[in-house]
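**Student:** kindly return the folded structure for what I paste below:
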Amino acid sequence: MAADTVASWPARIWAAIGGGLITLIGVILLGGGGYLIFLGGSPYYLFAGAAIIGSGVMLIRRHPGAGLVYAAVLAATLGWALWEASGFQFWPLLPRLFAPAVLGLFMLLIIPTAPKGRMRDQSLMAVGALSILAIGALGASLPATFTWGQAMIPAQVRPNAPVAEQASDWRSYGRDSGGSRYAPVDQINRENVDELKVAWTFRTGEAVHRGNQDQNTPQMVGDTVYVCTPTNVVIAVDADTGKEKWRHDPKVKPFFWNRCRGVGYWDGTKTKLAVPSAPAAVAAATPPAKGAAPASKAAPVSKAEPASKAAPAPKAKAPEKAAAPPKLVTTPAPSPPAAPAVQVAAAPPAGPPACRKRILSSTINAQLFALDADTGQRCPGFGKDGVVDLTVGIGPIKRGFYFQTSMPMVAGDVVIIGGWVADNQELQEPSGVVRAFDVRTGELAWAWDAGNPAITKLPPEGQTYSRGTPNMWSTPAYDPDLNLVYLPIGNATPDYWGSHRSKASETYSSSVVALDASTGRERWRFQTVHHDVWDYDVPSQPMLIDFPIKGGSAPALVQLTKRGQIFVLDRRDGKPLTRVVEVGVPQGPQPGEWLSPTQPYSVDMPAIGVERLTEQKMWGATPLDQLYCRIAFLRTRYDGDFTPPGSPGKPSLQFPGNAGGMNWGSGAFDPRRGLLIVSDVRMPQTVALKKSDQKELAVTLMKDRPPESAKAIPYKADNKWMLSPLFAPCLQPPHGMLTAIDVKTRQIVWQVPAGTAEAQAPLGLKSHLPIPIGTLSIGGPITTAGGVTFRAASTDPYLRAYDNATGALLWQGRLPVAAAGTPMTYTSPKTGKQYVVVVAGGDRVRGAGAAKAPKADYVIAYALK
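**Tutor:** Next up is the predicted model:
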């Protein structure tokens, strides 16, 4: 007897440790589950916690029936999980089943400490079988994630669709001034895209700064690719070899928000600019030469003239056959070349006059400069020594409060530019003025000041442009035929409080505004959010397409929004081409604030990523942090769209969050199939307004910037992504999707998750699991006549190619680091080879379960073998 007692001590200690751990888990579930019921939530956690406590205590006492109790928990959990997840869906099932199954397998190591007997054997069998069954249910749900959202009926090429062209450049942010992101080339297509290989790799040599994110989309004209770095170094490389031709370094001092999304290009030898379009496209017009009368004037809003007649549609190719289910090919990441030594621009050679072709670029210290596109030398006749000071007329500016991040828009012989204004810092921040400068001289051509339309150029002596007005920080679109430029306007500062706003701010905040490109005078405007206190500014470049309507087509502007709403407007007069309805929204603002009783909804177009949140959609890595997220959800104020900003005691839940919906990456349009292709973000955030301390920053996003005093902000906004204690998103996947919409039927054709879980795991680790999950991303897609959509900008490091017809993933190329921006494509005029180029500089991730993103300086071109 004494020997048996001595021999049992290790077993007793092990049972006490293991049983104690399981009991502790049960206590957490019981306590949290009770609170969840108090909040009106699911009773599962309470009952599961009570049963797990019982099982844990039985393990401590080495009772042979402990496993039977836990097996009952597993059986109930399996049924509950399948019910809540609406069947075999991998990501919703993962936190509900995986950890309980692992805990069951752990119990198999403890149950043998109980006395031998039939009950102990039954416990082992029951726990083992149900744990394996739970894991099997997860496994059974896994294959569906790889065909998630793909179209069963492929989208077909439309009759009279435009044919592919042999040569193609990419001279604007969206390839053309209308932001289509469509390349009419098909050398790379659905049948051969899996043969893509790295053609060349270029390193910019950009030093890694904390505030850097490389969001650049390169431009390509002739035989040269133009790249800009986060600190505004402009580099020209050979389009076929990636060899550096020249670079220009403006030597700006980096700080907390370093970006350069692209450069503008002006060709003084060819003034014809075009907006590529669908079969019924409006023909491009030649802008007037400087000082000459315009070729055509845009019609006034009240008397809109029809667009010019479409050119005869080219003979269509035979309809494409639906592609067979593809075999995914992954191209490995290129071997990194050494970063290049910094070069200076060569002196211009003798020959044609300098600066007949120009690169226009801005800086993060608010300068606009012009370079000779062939040599990289500054154009001496532009501004002062090739530079225009964009702070002139703005008034006092604190460091980091006003600068440029997006590509300037070249519209005829002017370059149009807005500015980034610091969010939520103070009242009366720098003006949101939009200005146009002569591309030859740098002279101010016009200014659009939302707060004072009387100011059409520089403000009068002693005055400034209107402070605190909504700004245009993104890229506009330009229609040369109508001679209109379309501005995507942000919301007024501060983002989450608006009781002080002026009439002008209320009128123009979160709007699309059309201006005469020659004069800067307003032609029409359309507001996407009234009295915006949700940071729902308009970040996406407007897309100019021909939109099918009854009896033909109309020149349209498609505006993507952070709200997930897609507005389709007649770009001649701003009138909706699809129904827009004012819908009542939640009320009840903080004291001193007011809200609009209604908001505009585009009811005839699909809304992307806006499904109403529920407790059941709360997620996490385990049942414990999923419970935390469910409690957090029920503790917030959530009334659906436009829930007013909350308070510290009762935060509000905002979904879509202030990252979108759709963001600055914008969308792409395939005119051959009539597909609008968009990328979105699905990440809710909590918002709490609290009394502002004059010395505090107004929002945590700006914590990387040296502190500045908050000037007369009544409230500061504490807005956070909704994450679990393990830094897993509180909303179940997907967190980012790629969607194709048929613009004729106005229905979603396919919708697939963009990105895998490879770089995501709890606690900021990497799972290395290539399972589609749909990751956070801001950069956008591009599409081609070859029926392929290219996209990067996920947290995992890949450039991917999707079938336009079905959404199926056709190919992926591994990058050294993740990309943040939008790719581009072109055909070399020398070799006739089509390239796809992406800048891989590392993703910017603020939690959300993704590993901390490394930074780099790669520009990578892919081509067929």
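**Student:** which residues in the stretch 451-600 of the chain form helices?
**Tutor:** Assigned by DSSP state H, counting those that start in this stretch, the stretch 451-600 of the chain shows helices spanning 503-508.
**Student:** all strands of it, in order?
**Tutor:** When assigned using DSSP state E, counting those that start in this stretch, the strands of the stretch 451-600 of the chain occupy the ranges 477-479, 484-488, 511-516, 522-527, 543-549, 552-560, 566-570, 580-584, 598-602.
**Student:** out of those, nearest to I37?
**Tutor:** Nearest to I37, of all the strands of the stretch 451-600 of the chain, is strand 580-584, at 31.8 Å by C-beta to C-beta. All C-beta atoms are positioned from the backbone trio N, CA, C, and that covers glycine.
**Student:** quick one on the thing from earlier: would CSV of the strands of the stretch 451-600 of the chain with mean pLDDT, mean neighbour count and distance to G841 be doable?
**Tutor:** Below are the strands of the stretch 451-600 of the chain laid out as CSV (pLDDT from 0 to 100; neighbours: other C-beta atoms under 10 Å; distance: least, C-beta to C-beta, whole Å):
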stretch, mean pLDDT, mean neighbour count, distance to G841
strand 477-479, 98, 29, 26
strand 484-488, 98, 28, 24
strand 511-516, 98, 24, 30
strand 522-527, 98, 20, 34
strand 543-549, 97, 24, 25
strand 552-560, 97, 24, 24
strand 566-570, 99, 24, 29
strand 580-584, 98, 13, 38
strand 598-602, 98, 20, 34
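**Student:** to L776, which of those lies closest?
**Tutor:** L776 sits nearest to strand 552-560 of all the strands of the stretch 451-600 of the chain, at 16.7 Å, using C-beta to C-beta.
**Student:** roughly how far is the closest one from the heart of the chain?
**Tutor:** Put simply, strand 552-560 sits 22 Å off its chain's centre (C-alpha atoms, centre = their mean, to the nearest Å).
**Student:** check which helices and strands that strand sits against.
**Tutor:** Under the contact definition 3 or more C-beta pairs under 8 Å, 6 or more residues apart in numbering; DSSP states H and E, strand 552-560 sits against strand 543-549, strand 566-570.
**Student:** mind putting those into JSON lines with distance to K617?
**Tutor:** Shown next, in JSON lines, are these (distance: least, C-beta to C-beta, whole Å):
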{"stretch": "strand 543-549", "distance to K617": "31"}
{"stretch": "strand 566-570", "distance to K617": "23"}
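**Student:** okay if I get the strands of the stretch 451-600 of the chain as CSV plus distance to G842?
**Tutor:** Output for the strands of the stretch 451-600 of the chain, formatted as CSV (distance: least, C-beta to C-beta, whole Å):
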stretch, distance to G842
strand 477-479, 29
strand 484-488, 26
strand 511-516, 32
strand 522-527, 36
strand 543-549, 28
strand 552-560, 25
strand 566-570, 30
strand 580-584, 39
strand 598-602, 35
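**Student:** the domain parsing of this structure - what is it?
**Tutor:** Domain ranges of the chain: 9-146, 182-268+353-863, per the TED database.
**Student:** just how off-centre is the longest one within its chain?
**Tutor:** The one in question is domain 182-268+353-863. Relative to its parent chain, domain 182-268+353-863 has a centroid offset of 7 Å by C-alpha atoms, centre = their mean.
**Student:** span of it from start to end?
**Tutor:** Terminal residues of domain 182-268+353-863 are spaced 18 Å apart (C-alpha to C-alpha, to the nearest Å).
**Student:** where does the stretch 51-200 of the chain have low pLDDT?
**Tutor:** Applying pLDDT under 70 to the stretch 51-200 of the chain flags no residue at all.
**Student:** helices of that one, start to end?
**Tutor:** For the stretch 51-200 of the chain, helices defined by DSSP H, counting those that start in this stretch occupy the ranges 66-84, 90-107, 118-141.
**Student:** which is the next helix or strand following the lowest-mean-pLDDT helix or strand in the chain?
**Tutor:** Using mean pLDDT, DSSP states H and E, the weakest-scoring helix or strand in the chain turns out to be helix 2-7, at a mean of 43. Sequence order places helix 9-38 as the next helix or strand after helix 2-7, per DSSP states H and E.
**Student:** and the angle for that next one with helix 66-84?
**Tutor:** Interaxial angle, helix 9-38 versus helix 66-84 (axes from the mean of the first three to the mean of the last three C-alpha atoms, to 10 degrees): 30 degrees.
**Student:** quick check: angle from helix 9-38 to helix 90-107?
**Tutor:** Our comparison of helix 9-38 with helix 90-107, counting by the same axes, to 10 degrees, yields an angle of 150 degrees.
**Student:** OK, contacts around the residue most central in space within the chain?
**Tutor:** Using C-alpha atoms, centre = their mean, the residue of the chain that lies closest to the mean C-alpha position is I778, 1.8 Å off. By C-beta atoms under 8 Å, 6 or more residues apart in numbering, the residues touching I778 are Q215, A659, G660, N663, W664, G665, V681, A793, A820.
**Student:** if we use 10 Å, what do you get?
**Tutor:** Shown in contact with I778 (C-beta atoms under 10 Å, 6 or more residues apart in numbering): 213, 215, 539, 659-660, 662-665, 679-681, 736, 793, 820-822, 843-844.
**Student:** can you report phi and psi for K384?
**Tutor:** Main-chain dihedrals, K384, degrees, to the nearest 10: phi -110, psi 110.
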